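J.: only the shape, not the letters, is given here:
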């Protein structure tokens with residue numbers, strides 16, 4: 001974009017390209033054009049277009065940086081970093097961060113599918129060779145078990161900080177507080193993994209009701225699917241609401257395993273607010289069973305009532321790519337009396 005074009009773009013949206021540090025949408029406030037020098041633009045950042053790329057630290061761990069600019073930041077940029085864009089509107093800053101992260105996830109999921117296909121071909125080729133010794137057979141079996149568990153679980157070490165139990169993920173040095181944590185963990189008991197939940201005061205209770213005292217240095221693990229927005233959405237639904245969703249999915253011959261994308265706005269609200277007690281919005285869920293694509297719009301309302309019964313409403317609108325539609329709803333008895 002030359003100086004004249006830049007002057008005509010004052011007050012309009014432009015793109016700032018910071019390469020590995022991400023791309024940002026901003027409003028061009030001023031053009032600073034000194035004679036015989038490249039022009040520079042003063043820009044107010046309003047949204048994130050592309051999330052910064054991950055980096056690998058000296059220990060070989062992957063680190064994901066935060067965007068280098070926040071909403072409302074005003075900076076002067078050299079002209080080589082500024083590009084015109086046609087958009088006249090932009091989404092809220094936090095929503096743009098979420099969208100850019102989702103696009104990164106989709107990009108790496110596509111790459112994972114590619115490498116999964118390559119691994120499948122390699123496994124098919126190696127399967128054509130019959131091992132002649134027991135040691136090779138044992139190696140094959142051990143590798144299969146270890147690879148599966150390593151890919152499916154995150155392992156944490158129990159520690160204490162300020163008299164509170166916390167979990168430390170060694171590889172990325174990420175901490176997770178146990179108090180109030182809703183995740184289902186697994187604790188190794190007598191050489192077997194037992195599923196359960198952290199109660200309080202260092203107590204872990206398994207699904208069969210057994211209770212164990214956690215100690216510093218113990219290892220617990222967490223299935224990675226619990227970080228998945230769709231898995232979190234399914235677990236948040238009350239049982240009748242989940243049945244309403246499944247009834248609608250069954251109408252189209254779809255099941256949970258065929259979800260390919262979930263935009264969980266309720267999760268975003270819960271993570272970004274602390275005092276809020278009323279939550280309303282729409283989740284967008286996409287399924288694909290190889291024959292058809294199904295979009296579900298999940299309209300929800302949640303109201304947390306202190307010292308009372310929470311109010312819950314769920315409405316699922318199903319639309320397939322061939323135009324077939326249906327609707328299922330659920331509301332608890334307290335909603336009806338609202």
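T.: Yes, it's here. Source: prediction; values computed, not measured. Residues are numbered from 1 along each chain as shown.
J.: what strand or helix carries residue 157?
T.: strand 153-161 (DSSP states H and E).
J.: what is the mean pLDDT for that strand?
T.: When pLDDT is averaged over strand 153-161, the result is 86.
J.: elements contacting the host helix or strand of residue 111?
T.: Following DSSP H and E, one finds residue 111 within helix 93-127. Contacts defined by 3 or more C-beta pairs under 8 Å, 6 or more residues apart in numbering; DSSP states H and E place helix 93-127 against strand 40-50, helix 265-272. C-beta here means a position set from N, CA and C on the backbone, and glycine is covered the same way.
J.: how about those in a markdown table, adding distance to residue 315 and mean neighbour count?
T.: Output for those, formatted as a markdown table (distance: least, C-beta to C-beta, whole Å; neighbours: other C-beta atoms under 10 Å):
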| stretch | distance to residue 315 | mean neighbour count |
| --- | --- | --- |
| strand 40-50 | 30 | 21 |
| helix 265-272 | 13 | 16 |
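J.: quick check: which of these is nearest to residue 196?
T.: helix 265-272 (23.1 Å; C-beta to C-beta).
J.: and residue 265, what pLDDT?
T.: With respect to pLDDT, residue 265 scores 84.
J.: okay, now the closest residue to residue 66 other than its chain neighbours: neighbour count?
T.: Nearest residue to residue 66, sequence neighbours excluded (C-beta to C-beta, 6 or more residues apart in numbering): residue 52, at 7.4 Å. As a burial measure, residue 52 scores 19 neighbours (other C-beta atoms under 10 Å).
J.: show me what contacts residue 52?
T.: Going by C-beta atoms under 8 Å, 6 or more residues apart in numbering, residue 52 touches 18, 20, 21, 22, 64, 65, 66, 67, 68.
J.: contact partners of the strand holding residue 157?
T.: Residues contacting strand 153-161 (C-beta under 8 Å, 6+ apart): 165-170, 175-176, 186, 214-224.
J.: let's see which of those end up in strands.
T.: Among these, the members falling in strands are 165-169, 175-176, 186, 219-223 (criterion: DSSP state E).
J.: kindly indicate which of those lies nearest residue 40.
T.: Nearest to residue 40, judged by C-beta to C-beta, of the ones in strands among the contacts of strand 153-161 is residue 175 at 41.5 Å.
J.: helix/strand/coil for residue 86?
T.: Here residue 86 is coil, with the state taken from DSSP: H, G, I helix; E, B strand; the rest coil.
J.: for residue 39, see how far away it is.
T.: Applying C-beta to C-beta, to the nearest Å, the value for residue 86 to residue 39 is 21 Å.
J.: what about the two, which has more around it?
T.: Neighbour totals were compared for residue 86 and residue 39, and residue 39 leads with 17 against 6 (other C-beta under 10 Å).
J.: that one contacts residue 28, correct?
T.: No: because the distance of 11.1 Å does not satisfy C-beta atoms under 8 Å, residue 39 is recorded as not touching residue 28.
J.: between these two, which contacts overlap?
T.: In contact with both residue 39 and residue 28: residue 6, using C-beta under 8 Å, 6+ apart.
J.: confirm that the residue nearest to residue 66 lies within a strand, as I assumed.
T.: No: under three-state DSSP, residue 52 sits outside any strand and is assigned coil.
J.: how near is it to residue 81?
T.: With distances taken as C-beta to C-beta, residue 52 is found 15 Å from residue 81.
J.: that older thread, now the buried members of the contacts of strand 153-161.
T.: For the contacts of strand 153-161, a neighbour count by 16 or more other C-beta atoms under 10 Å gives the buried set as 165, 166, 167, 186, 214, 220, 221, 222, 223.
J.: in a markdown table: these, plus distance to residue 266.
T.: Below are the buried ones among the contacts of strand 153-161 laid out as a markdown table (distance: C-beta to C-beta, whole Å):
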| residue | distance to residue 266 |
| --- | --- |
| 165 | 28 |
| 166 | 26 |
| 167 | 25 |
| 186 | 26 |
| 214 | 30 |
| 220 | 27 |
| 221 | 27 |
| 222 | 21 |
| 223 | 21 |
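J.: who does residue 283 form a beta bridge with?
T.: Beta bridges link residue 283 to residue 298, judged by DSSP bridges.
J.: and if you look at residue 75?
T.: residue 43.
J.: wouldn't it be in contact with residue 81 here?
T.: No: Residue 75 lies out of contact with residue 81 (C-beta under 8 Å); the separation is 10.1 Å.
J.: give me the more crowded residue out of the two.
T.: Neighbour count, other C-beta under 10 Å: between residue 75 and residue 81, residue 81 has more, with 17 against 14.
J.: quick one, grab the pLDDT at that one.
T.: Per-residue confidence at residue 81 stands at 91 (pLDDT).
J.: same thing with residue 15?
T.: We have a pLDDT of 93 for residue 15.
J.: list the contacts of it.
T.: Contacts for residue 15 (C-beta under 8 Å, 6+ apart) come out as 23, 24, 25, 26, 49, 82, 83, 84, 85.
J.: how does it look with 10 Å?
T.: 23-26, 43, 49-50, 81-85, 87 (C-beta atoms under 10 Å, 6 or more residues apart in numbering).
J.: quick check, it in a strand?
T.: Yes: checked against three-state DSSP, residue 15 lies within a strand.
J.: find the nearest non-adjacent residue to it, please.
T.: Excluding the flanking residues, the one nearest residue 15 by C-beta to C-beta, 6+ apart is residue 83, at 4.3 Å.
J.: all set now, cheers.
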